[in-house]
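Next comes the sequence, and after it the predicted model I'd like to discuss.
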Amino acid sequence: MKKKCPHIPQETHVALLMGGWNSEREVSLSTGKGFLESLTRQGYQVKALDLKRDVAELVQFLTPRPDIVLLALHGVYVEDGRLQGILDIMDIPYAPSSGALASALATNKPIAKQLFVNAGIPCAKGGVFKWKDIQATHPMHTPYVIKPIDEGSSVGVYIIEKGQSPIQNKIEWPFGEEVLVEEYIPGLELSCAVLKDKPLAVIELRAKSGFYDYKNKYTDNMTTHLIPAPIPKDVYDQIMDYSLRAHQALGCKSISRSDFRYNPENGDICILELNTLPGCTPLSIVPDICRYKGISFDELIFTLIEDGLCRD
Ligand SMILES: Nc1ncnc2c1ncn2[C@@H]1O[C@H](COP(=O)(O)OP(=O)(O)OP(=O)(O)O)[C@@H](O)[C@H]1O
Ligand SMILES: [Mg+2]
C-alpha cells in the first residue's frame, strides 16, 4: 500500500488546477470553485492555480510536489491527455485519473466511436468530412449534426434541419478543417456516470427548448434533470452496461460520463461520446447522479482523490 493510501484530508496536499485557455474555461472555473470549496470544507492542504499555457509556471506551482493534482479542467489540451502526459513525466498522481492515452482516445470523437463500435456499443452513423466539402454539398440526408472532432460543452455542435445547410445557417467554423458529421438521432437525451468501474445511474436531460446546447447546459432552469431516467427497465440497464463497456473500452479510470440518445419510436440507443473529466458545476450531471446514489459532493471529491492516490 502506498504511503498516502488510504489518505487523511488534513495530511494531504492537493494542487487544484482550473481555468485553462480553451472554450470551456468558464465551465472549468465553475467546476473549480465547487472543488475548492469542498477541499477546504474537508480540511485538505490545498493550493489552486488558474492554469495558463505556461509550463514553467505549472512546474513552479507543482514545486514542492503535492501529493496529488485535482483536475477541474475540461476540453482541448487539458482533458485530451497532453496535461496528463506532463503530470506523468513529473510522476505526480492526478484525479480524476484517466491516463494520457484514455484521455486522448475519449477526446477524439471519431476514434472513440470506432472503439465503441468494436466494443459492441452502437453509435450514430456518420463520418469525418472537410469543412469546405460540406459547405458545397450535404454530406448526408438532413437532419444531421455537425460537430468538432474534439470540443466539449456542445461548443460547435449544430443540427442541420431539413431545408437548411451550413452556409444558409451562416455557421462559423474555427475548429479546424475536419468536421464530424452524424445522423440526427431523435428522441431522449440520456447520460450515465461510471465511478470506479461501477455504473451509477441513468439521467434524462430535458431541455425546455432546443437541444442540450451550451446555454441549456449552463443556465439556470433551462433543462430539467430526471433521475432515474423514466425509461423502460431494459433500456435503463442497457445504458448502464454500455457506459461501463465504453469506460473500459477506452481504458478510463476513476470516473467517466457517457452521453446517449435514445429513440423510443424504434428503440435505437446511440452513444454520443464519453467524458473523462466530466463537468461538476452546480448544473452538471455527475454531482446530480452522485446525490441520487447517496454520494455527497464531498464524498465524490474524497473518492476521486483516494482513487488517484491508490493507483500505481
Ligand atoms: N447525433 C446526434 N443526434 C442528436 N443530437 C445530437 C447528436 N450529436 C449531438 N447531439 C446533441 O448535441 C449535444 C452535444 O453533443 P456531444 O455530447 O457530442 O458534444 P460535447 O460538446 O462533447 O458535449 P459535452 O458537454 O458532454 O462534452 C448532445 O448532448 C445532443 O443534445
Ligand atoms: Mg456530451
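Received it, and whenever you're ready, just let me know what you need. Ligands and ions are numbered 1, 2, ... in the order given.

helix/strand/coil for the residue in the stretch 151-300 of the chain positioned nearest to ligand 1?
Among residues of the stretch 151-300 of the chain, the one nearest ligand 1 by Cβ to the nearest ligand atom turns out to be G152. It sits 3.2 Å away. (Glycine included, C-beta is placed from N, CA and C.) With DSSP: H, G, I helix; E, B strand; the rest coil as the basis, G152 sits in coil.

which one is it nearest to, not counting chain neighbours?
Using Cβ to Cβ, 6 or more residues apart in numbering and skipping the chain neighbours, the partner closest in space to G152 is G75 (4.9 Å).

What residues does the stretch 51-200 of the chain have near ligand 1?
By the rule Cβ under 6 Å from any ligand atom, the part of the stretch 51-200 of the chain lying against ligand 1 is 124, 145, 147, 151-155, 157, 182, 184-185, 189.

what about burial for the residues you listed, which qualify?
Buried subset of these (neighbour count, 16 or more other Cβ atoms under 10 Å): 124, 145, 147, 151-155, 157, 182, 184-185, 189.

would you turn the residues you listed into CSV with pLDDT?
Converted to CSV, these look like this (pLDDT from 0 to 100):
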residue, pLDDT
A124, 97
V145, 97
K147, 97
E151, 91
G152, 89
S153, 91
S154, 92
V155, 94
V157, 95
E182, 97
Y184, 98
I185, 98
E189, 98
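
beta partners of the spatially most central residue of the chain?
Central residue of the chain (Cα atoms, centre = their mean): N275, 2.6 Å from the mean position. Legend: beta-bridge partners of N275 under DSSP bridges are R257.

surely it meets S256?
Yes. Assessed by Cβ atoms under 8 Å, N275 is found in contact with S256 at 6.4 Å.

can you give me the helices in this protein?
25-41, 55-61, 82-90, 100-107, 109-118, 131-136, 214-218, 233-249, 285-292, 297-310 (DSSP state H).

Of those helices, flag the one that's most buried.
Comparing these by mean neighbour count (mean count of other Cβ atoms under 10 Å), helix 100-107 comes out on top with a mean of 22.

Packing partners of it?
Here helix 100-107 touches helix 82-90, helix 109-118, strand 268-275, going by 3 or more Cβ pairs under 8 Å, 6 or more residues apart in numbering; DSSP states H and E.

Need the ones you listed in a markdown table (columns: mean pLDDT).
Shown next, in a markdown table, are these (pLDDT from 0 to 100):
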| stretch | mean pLDDT |
| --- | --- |
| helix 82-90 | 98 |
| helix 109-118 | 98 |
| strand 268-275 | 98 |
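
could those be laid out in CSV, adding distance to A136?
CSV is the format used below for these (distance: least, Cβ to Cβ, whole Å):
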stretch, distance to A136
helix 82-90, 34
helix 109-118, 21
strand 268-275, 26
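
among the ones you listed, which is nearest D307?
Minimum separation from D307 across the helices and strands packed on helix 100-107 (Cβ to Cβ) falls at helix 82-90, 14.9 Å.

Now that closest one - C-alpha only, CSV.
Extracted as CSV, the C-alpha positions of helix 82-90 are listed here (Å, rounded to 0.1, in the frame of the first residue of the first chain):
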residue,chain,number,x,y,z
ARG,A,82,-1.5,16.4,-23.0
LEU,A,83,-1.7,17.7,-19.5
GLN,A,84,-1.9,14.2,-18.1
GLY,A,85,1.4,13.4,-20.0
ILE,A,86,3.2,16.3,-18.3
LEU,A,87,2.0,15.1,-14.9
ASP,A,88,3.0,11.5,-15.7
ILE,A,89,6.5,12.7,-16.6
MET,A,90,6.6,14.7,-13.4
